[in-house]
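Student: predicted structure and sequence below. I'll ask about it afterward.
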Amino acid sequence: SSAPGTVGVGVDHELISAVPSSNPTFVSRNFTDAEVRYCRSQPSPAASFAARWAGKEAVFKSLGVSSKGAGAGMKDIEILPDASGVPTVALHGEAKSAAGAKGVKSVLVSLSHSESVAIAFAQASA
Amino acid sequence: SSAPGTVGVGVDHELISAVPSSNPTFVSRNFTDAEVRYCRSQPSPAASFAARWAGKEAVFKSLGVSSKGAGAGMKDIEILPDASGVPTVALHGEAKSAAGAKGVKSVLVSLSHSESVAIAFAQASA
Amino acid sequence: SSAPGTVGVGVDHELISAVPSSNPTFVSRNFTDAEVRYCRSQPSPAASFAARWAGKEAVFKSLGVSSKGAGAGMKDIEILPDASGVPTVALHGEAKSAAGAKGVKSVLVSLSHSESVAIAFAQASA
């Protein structure tokens, strides 16, 4: 069980209109300050928030953790672009603990959005 | 060719309305009894059947096997939640044979559905 | 950094109607001759072009390279079916150079389309 390889995968998609990114309470509860700054700097903040939301759900699925219940919060999954613009996952709090307990060393994520839909994929590796 | 690693990936998406899950013949031909029980216990059985259908297609793609022709039946791919709720793939019949011939040791799958669309991703590993 | 494993993943989706596959200049600039022949031989050429377009975008994401700027052209990513019908990636030009610089040995891709949407997933491995 400690051999390298993929531990889990996750896919998620959301209607952009279904992610209430204009609600300040929703945003501050689920996104880190750095994520908020990044999304608000993008051409379509609503699309960026929705893509990131789908990304967080996909990461939870790749870790085998339900995002509802179990105390795992969306803010524990932080997705920010690296210097090349590649979305990169940082785990905090209970998400980090869950990953550690499963021997997960890294989580890759990719995001895509059109005008109405956001799709994300995540892969957790040992 | 026997080294560990990913052998194939598969993605599929379906309109939930395009999967005739209220047709008993369609359901019994393509889903195992345990899958039927599970889908009917979910808040939206139609969405659960469609997500599982997309999952089966994605698994076939990850195995490099067409789901049409070649005798490979959708019922040979069984997707059921494990104790943590993570969808888990069991292969039977010709799908199991095809996987064995390619050295596939495990197949990971993830499912996502909104109100109208189901999306699935699968990864086959040696 | 030379250990085997997944280097990057990419997901993309496109509205089929948003990919101008009836524009000859667009087609010849972005698809190889073999891709054009293949797409035109399919039941829905527009869907095949759009799925391939999404595939190219997903491959770029899996390589950590933006498809815009950096000189990376869509034609450098060629996606054609192998003998079993599995979509297979060949890299040319700057995409091949970028992959080599990151130690990428292979890129797997999967494509899916419905009547209106095309979705693709790619995984780059060292």
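Tutor: Okay, I see it.
Student: next one: phi and psi at A:Glu78?
Tutor: When read as degrees, to the nearest 10, the backbone of A:Glu78 gives phi -110, psi 130.
Student: nearest spatial neighbour of it, skipping sequence neighbours?
Tutor: Using Cβ to Cβ, 6 or more residues apart in numbering or on different chains and skipping residues adjacent in sequence, the residue nearest A:Glu78 is A:Ala90, 4.4 Å away. (Each C-beta comes from the backbone N, C-alpha and C, glycine too.)
Student: now A:Pro81
Tutor: Closest to A:Pro81 by Cβ to Cβ, 6+ apart is A:Pro87, at 5.8 Å.
Student: do you know how far the one you found is from chain B?
Tutor: Going from A:Pro87 to chain B by Cβ to the nearest Cβ, to the nearest Å gives 17 Å.
Student: the residue nearest to A:Glu78 against A:Pro81, yeah?
Tutor: No. Between A:Ala90 and A:Pro81 there is no contact under Cβ atoms under 8 Å: 11.9 Å.
Student: show me which residues of chain A are close to chain B?
Tutor: A:3-6, A:8-15, A:18, A:57-58, A:61-62, A:64-66, A:117, A:119, A:121, A:123 (Cβ under 8 Å from any Cβ of the partner chain).
Student: tell me which of the residues you listed fall in strands.
Tutor: Of those, the ones assigned to strands by DSSP state E are A:6, A:8-15, A:117, A:119, A:121, A:123.
Student: what's the farthest-apart pair in those residues?
Tutor: A:Thr6 and A:Leu15 (28.5 Å; Cβ to Cβ).
Student: settle it for me: which of the two has more neighbours?
Tutor: A:Thr6 (22 against 14; other Cβ atoms under 10 Å in any protein chain shown).
Student: what's the distance between stretch A:111-119 and the middle of its chain?
Tutor: 14 Å (Cα atoms, centre = their mean, to the nearest Å).
Student: can you tell if it touches chain C?
Tutor: Yes. Counting by Cβ under 8 Å from any Cβ, chain C has neighbours in stretch A:111-119: A:111-112, A:114-115, A:117, A:119.
Student: residues in contact with that stretch?
Tutor: A:11-17, A:19, A:44, A:47-48, A:50-55, A:79, A:87, A:120, B:117, B:119, C:11-15, C:18, C:57, C:117, C:119 (Cβ atoms under 8 Å, 6 or more residues apart in numbering or on different chains).
Student: what average pLDDT does that stretch get?
Tutor: Stretch A:111-119 shows a mean pLDDT of 95 in the predicted model.
Student: ends of that stretch, what's the gap?
Tutor: End-to-end span of stretch A:111-119 (Cα to Cα, to the nearest Å): 6 Å.
Student: if we can go back for a sec, for the residue nearest to A:Pro81, give its distance to C:Lys61.
Tutor: As judged by Cβ to Cβ, to the nearest Å, A:Pro87 and C:Lys61 stand 9 Å apart.
Student: of those two, who's got more company?
Tutor: C:Lys61 (27 against 19).
Student: just checking, the more buried one touches A:Leu108?
Tutor: No. At 10.4 Å, C:Lys61 and A:Leu108 do not qualify as touching, with contact defined as Cβ under 8 Å.
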